[in-house]
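Visitor: take this sequence and fold it.
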Amino acid sequence: MNHKLHVGNLASDMTSDQLGELFGRDGRNVARVSLVMSRDAGVSRGFAFVEMASDEDANRAVAALHGTEVAGRTLRVTVAHPPKSRFGGRVARI
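Guide: Numbering: from 1, shown residues only. Take a look at the predicted model:
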């Protein structure tokens, strides 16, 4: 399993520190929190990526937090998938 989790439906005022604290509860180890921000407005876009220290920590975080309510919003916590190619995977021939 990938240690990286996608966290969706976040409140716009949620901070990286708050997310790290939330995911670190119950002895889970958080390696990194990346809150996705809007370039123009500088506010949260409502989702983040949280990288856990181990598969076990990631599984426990999904089980504990998916569907829970935080700041009036129901969190969606899932395993993050690798990014897709922006170029459709075709090789240009010269």
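
Visitor: helix, strand, or coil at Ala48?
Guide: strand (DSSP: H, G, I helix; E, B strand; the rest coil).

Visitor: which strand residues bridge it?
Guide: Note on Ala48: beta-bridge partners by DSSP bridges are Val7, Leu35.

Visitor: gap between it and Gln18?
Guide: Plainly put, Ala48 is 10 Å away from Gln18 if you go by Cβ to Cβ, to the nearest Å. Placement of C-beta: from N, CA and C, glycine included.

Visitor: comparing the two, which residue is more hemmed in?
Guide: Between Ala48 and Gln18, Ala48 has the larger neighbour count (other Cβ atoms under 10 Å), namely 22 against 16.

Visitor: give the contact list for that one.
Guide: 6-7, 10, 14, 16, 19, 33-36 (Cβ atoms under 8 Å, 6 or more residues apart in numbering).

Visitor: is it possible to mark the buried ones in the residues you listed?
Guide: 6-7, 10, 14, 19, 33, 35 (16 or more other Cβ atoms under 10 Å).

Visitor: reformat those residues as CSV; add pLDDT and distance to Glu69.
Guide: Putting the buried ones among the contacts of Ala48 into CSV (pLDDT from 0 to 100; distance: Cβ to Cβ, whole Å) gives the following:
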residue, pLDDT, distance to Glu69
His6, 96, 18
Val7, 97, 14
Leu10, 95, 12
Met14, 91, 13
Leu19, 95, 15
Val33, 96, 20
Leu35, 94, 19
